[in-house]
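Peer 1: coords below, sequence missing:
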């Protein structure tokens with residue numbers, strides 16, 4: 001008998017959700033637990049144990065485990081990840097200026113090696129001596145390597161040689177660009193590879209935690225992970241290519257939204273603790289971003305849903321700019337641990353510090369802010385500068401007030417670097433705290449939230465007035481700001497779909513008039529042509545008012561709080577394989593992709609071999625990801641212009657796409 005109960009897990013920045021799902025009966029049970037970043041297995045086990053207990057389903061009945069996560073997305077939005085060395089083969093320093101590669105690299109080390117290949121896969125001499133000289137030192141200073149070679153998609157030999165040498169000397173994870181994309185565009189492929197390498201340790205810990213827990217509970221089912229386009233891949237594949245899990249959570253939420261609402265056409269907005277993700281459903285399907293997913297300002301080569309991800313969530317940092325005549329409230333993009341949550345976890349440590357700061361005669365610039373270690377393995381702290389290491393040593397696993405931690409202004413920048421490395425969390429005021437003060441959320445410690453807002457009330461605007469009279473008034477303004485920013489985010493996504501990307505809702509005077517409902521001789525209004533689907537645990541308290549601002553219906557499904565976990569178990573395995581055929585001269589046809597380069601003398605023979613290779617490889621990839629191909633579609637595009645009366649092949653691209661449902665373990 002087939003064990004038809006499926007377990008879906010979604011690990012987000014704040015909560016880890018679990019659902020039990022039956023392909024015949026739908027959602028059977030759901031549960032939530034706090035995400036525990038120091039040990040992800042704790043949050044996973046808490047949610048899964050609860051969903052098994054509440055449903056009465058035995059662990060042995062689970063036939064498939066499927067995982068979605070926003071951890072990779074959140075890390076890129078917040079500029080976090082392991083310290084990574086980039087190896088550029090055949091490129092020069094000027095190439096770092098393209099596609100945002102230099103900004104993404106930051107202060108991480110980069111090594112340039114001569115070598116690489118031409119467009120037909122012919123090699124230039126590879127000189128590995130700069131790498132050999134630096135490897136002993138780099139092995140102690142970084143946690144991963146990224147390797148990008150010139151035209152490596154046509155011949156990956158140099159990337160493979162460099163990868164093998166790094167692994168021999170350092171035993172650290174190495175990502176090669178040809179493993180992630182077959183598209184041309186070296187700097188952007190290098191950017192994608194760099195980001196992938198930064199995420200390896202994070203996703204490896206997540207999958208490892210999930211595997212450890214399931215084994216302990218006697219769950220022997222295969223494990224899948226949601227890819228950024230909503231398809232499923234095996235856990236082993238996700239470990240090698242964690243970059244493909246960016247937008248995993250958002251993609252799963254779209255799949256879940258379609259299942260939970262039955263709507264074919266909708267605007268789907270998913271608010272979490274760290275981000276808000278918005279996409280459009282048309283005809284029951286999300287559109288894929290042909291140019292590659294954009295996350296944290298980086299345009300990658302990862303095929304993913306055409307979704308916009310913004311650093312705005314329930315746990316976004318509340319920043320109050322009191323320099324103008326009227327104080328302004330801004331949110332995000334950085335996620336903080338809400339004061340209410342930190343106090344729920346650490347009790348008197350938080351409350352005593354907040355009350356001490358309130359008793360002080362003079363307000364401090366760091367009042368209401370704390371630092372605490374994330375609890376990631378010490379190995380991820382490799383390469384810290386002396387100032388960073390010294391400050392990191394003073395922070396432990398209990399929140400420490402910043403007014404006691406920071407002794408100089410310069411240390412603030414040092415702390416920011418520790419946060420960016422994912423080693424330290426900051427605690428402070430968030431919209432979740434405002435909701436606790438207003439009584440619209442109550443799962444954590446309301447007293448800490450109110451103390452934090454009382455501290456903020458001591459600030460004065462440019463006219464010398466308090467920024468608000470009461471904590472409730474300030475909380476109302478914070479929530480109103482989240483509503484307004486959410487509406488602008490939804491509109492920005494819709495404008496982009498309507499080819500009006502140049503219109504910025506946050507800067508348009510006319511849109512401001514429409515959203516704020518200001519009176520005038522001319523009345524402005526706007527509306528959406530489809531419902532707004534609100535997802536996320538806090539969707540019921542935010543999205544009705546946001547939909548009202550946008551003059552559309554709000555659709556908040558009953559299980560909106562676990563839509564991602566539902567989407568994780570109702571998806572399919574989808575794979576593609578691409579082979580290129582080029583002709584550098586008459587009578588020579590070169591195949592590249594899905595294996596070693598091959599030279600043939602006849603065009604038809606080359607095309608036939610390309611089709612065979614693409615079909616064979618795509619079936620292998622589907623099988624390797626735990627499914628059987630139920631459908632294979634072949635797509636061909638041929639660039640062969642007529643030159644002097646003869647058709648001349650420039651490039652033919654043969655792509656095989658396969659779809660299948662993951663195999664479910666048998667009882």
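Peer 2: Perfect, thanks for sending it. Since this is a predicted model, take the numbers as computed values, not measurements.
Peer 1: Flag the shaky bits of this structure, pLDDT-wise.
Peer 2: 1-3, 37, 296, 629, 665-667 (pLDDT under 70).
Peer 1: longest helix in it, by residue count?
Peer 2: helix 186-216 (DSSP state H).
Peer 1: Tell me which residues of that one come out buried.
Peer 2: Of the residues in helix 186-216, 186-203, 205-207, 209-211, 213-214 count as buried by neighbour count, 16 or more other Cβ atoms under 10 Å. All C-beta atoms are positioned from the backbone trio N, CA, C, and that covers glycine.
Peer 1: Can you tell me what sits against the following helix or strand past that helix?
Peer 2: Counting by DSSP states H and E, the element after helix 186-216 in chain order, helix or strand, is strand 223-226. Defining contact as Cβ atoms under 8 Å, 6 or more residues apart in numbering, one finds that strand 223-226 is touched by 64-69, 207, 210-211, 214, 232-235, 237-238, 245, 248-249, 251-252, 255, 567-568, 571, 573, 625-626, 662.
Peer 1: and strand 223-226, how far out from the chain's middle?
Peer 2: The gap between where strand 223-226 is centred and where its chain is centred comes out at 15 Å by Cα atoms, centre = their mean, to the nearest Å.
Peer 1: so what strands line up beside that strand?
Peer 2: On the basis of DSSP bridges, the sheet neighbours of strand 223-226 come out as strand 62-69 (parallel), strand 232-234 (antiparallel).
Peer 1: residues in contact with the closest residue to residue 429 other than its chain neighbours?
Peer 2: Closest residue to residue 429 in three dimensions, ignoring its sequence neighbours and counting by Cβ to Cβ, 6 or more residues apart in numbering: residue 318, at 4.4 Å. Contact analysis of residue 318 by Cβ under 8 Å, 6+ apart lists 329, 330, 331, 428, 429, 430, 431, 433, 434, 456, 478.
Peer 1: Residue 35 too?
Peer 2: 11, 12, 13, 14, 15, 16, 43.
Peer 1: Residue 604: how many residues sit nearby?
Peer 2: 9 (other Cβ atoms under 10 Å).
Peer 1: Can you name the residues bridging to the residue nearest to residue 429?
Peer 2: Counting by DSSP bridges, the residues bridging with residue 318 are residue 331.
Peer 1: what helix or strand is the residue nearest in space to the middle of the chain on?
Peer 2: The centre of the chain sits closest to residue 73, judged by Cα atoms, centre = their mean, with a distance of 1.2 Å. Element membership for residue 73, per DSSP H and E: helix 71-77.
Peer 1: Give the buried residues for that helix.
Peer 2: Using 16+ other Cβ under 10 Å as the test for burial, helix 71-77 gives 71, 72, 73, 74, 75, 76, 77.
Peer 1: Distance of the fourth one relative to residue 415?
Peer 2: Look at residue 74 and residue 415: by Cβ to Cβ, to the nearest Å, they are 19 Å apart.
Peer 1: quick one: the nearest residue to residue 127 once chain neighbours are set aside from residue 177, how far?
Peer 2: Leaving out its chain neighbours, the residue that sits closest to residue 127 by Cβ to Cβ, 6+ apart is residue 114, at 4.6 Å. Residue 114 sits 17 Å away from residue 177, taking Cβ to Cβ as the criterion.
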